[in-house]
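A.B. asks: Have a look; sequence and predicted model below, questions after that.
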Amino acid sequence: MIQDIFPSRLDNSFKNLSPVDEDLLIIFNSEGRICLGKSGTDILFPKCSEIKAAGFVYLFSLDEKRFFLSLHEDTFEKEGFLFYSIREVRDHFSGKEVYAVFTAYHLWKWYSDNVFCGKCGDILELDDKERALRCPKCGNIIYPRINPAVIVGVIKGDSILITRYRAGYSHNALVAGFTEIGETFEETVAREVMEETGVKVKNIRYYKSQPWGMAQDILVGYYCDAEPDSEIRMDESELKYAEWVKREDIVLQPNNLSLTNEMMRRFKEGCEV
């Protein structure tokens, strides 16, 4: 999965640092596209020495490399560097730097969406002791937003419930959905499967979690069993495909970044779920 970069490590602990020339710079434009260079399928980042700008904030380190975010929509022109959407990064690059890009996007989106205080309307300031934005007028504190969502592998005998979204990502997927206020993850699993496919489930069991910065999510994976008498009644506003697919017939996603793909692969290979 995207976060499986051992022995490398992404350290996202907060540090109140200033950049030096050799530190790496993350630049997003107003459309959420990131400025990157390319060497084969490897990602190259601008260096802080290559742009003169104010408003850098430390994000994280990847091994010994430190990453800073430009809080302004800076222009950067260098041969071989272009602005890529996060989906283009997912589809066309590989390596541990993809994890860094997804995590940087999650933080950029939070900084970008929180310029003014939601209580009094004053301009927010960077906190110097923790990853937070603080209102100098009323003291309101805003922390990074993380959206909890479930990924569900619904099992029926030697088949798993495969879906495809009505819009957006076009490859095979599993039932997925966001947790509502006052709801447990297990309740989310049962509700989302019922709402999207009409299938009742039992024996809900946790598998694994995954940070997914593309949508500011934390994904929580579960397997469960379909009730024997359940029939698929697909929500056509959400999905364009929902069918029971046998292990040997499962077509996996084109890369191994997602929790969804790992869960499908485990079932396809006959692993215990």
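C.D. replies: Right, received. Where do you want to start?

A.B. asks: My guess is Arg233 contacts Met194. True?
C.D. replies: No. Using CB atoms under 8 Å, Arg233 and Met194 do not qualify as a contacting pair, with a distance of 9.3 Å. For the C-beta atoms, the positions are set from N, CA and C on the backbone; glycine is no exception.

A.B. asks: more crowded one of the two?
C.D. replies: Met194 (16 against 12; other CB atoms under 10 Å).

A.B. asks: any idea how far the helix or strand harbouring the more buried one is from the chain center?
C.D. replies: Assessed by DSSP states H and E, Met194 sits inside helix 185-197. Between the centre of helix 185-197 and the centre of its chain there are 20 Å (CA atoms, centre = their mean, to the nearest Å).

A.B. asks: what is the mean pLDDT for the helix or strand just after it?
C.D. replies: Remark: after helix 185-197, the chain's next helix or strand is strand 201-212, criterion DSSP H and E. With pLDDT averaged residue by residue, strand 201-212 scores 97.

A.B. asks: Now the helix or strand that strand 201-212 is followed by: buried residues?
C.D. replies: For strand 201-212, the following helix or strand on the C-terminal side (DSSP H and E) is strand 217-226. Judged by neighbour count using 16 or more other CB atoms under 10 Å, the buried positions of strand 217-226 are 217, 219-226.

A.B. asks: can I get these in TSV with distance to Val199 and pLDDT?
C.D. replies: What follows is the buried residues of strand 217-226, written out as TSV (distance: CB to CB, whole Å; pLDDT from 0 to 100):
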residue	distance to Val199	pLDDT
Asp217	23	95
Leu219	20	97
Val220	19	98
Gly221	17	98
Tyr222	14	98
Tyr223	14	98
Cys224	9	98
Asp225	10	98
Ala226	5	97
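
A.B. asks: Generate JSON lines for these, with distance to Leu69 as supplementary columns.
C.D. replies: Below are the buried residues of strand 217-226 laid out as JSON lines (distance: CB to CB, whole Å):
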{"residue": "Asp217", "distance to Leu69": "20"}
{"residue": "Leu219", "distance to Leu69": "23"}
{"residue": "Val220", "distance to Leu69": "27"}
{"residue": "Gly221", "distance to Leu69": "29"}
{"residue": "Tyr222", "distance to Leu69": "33"}
{"residue": "Tyr223", "distance to Leu69": "37"}
{"residue": "Cys224", "distance to Leu69": "39"}
{"residue": "Asp225", "distance to Leu69": "44"}
{"residue": "Ala226", "distance to Leu69": "44"}
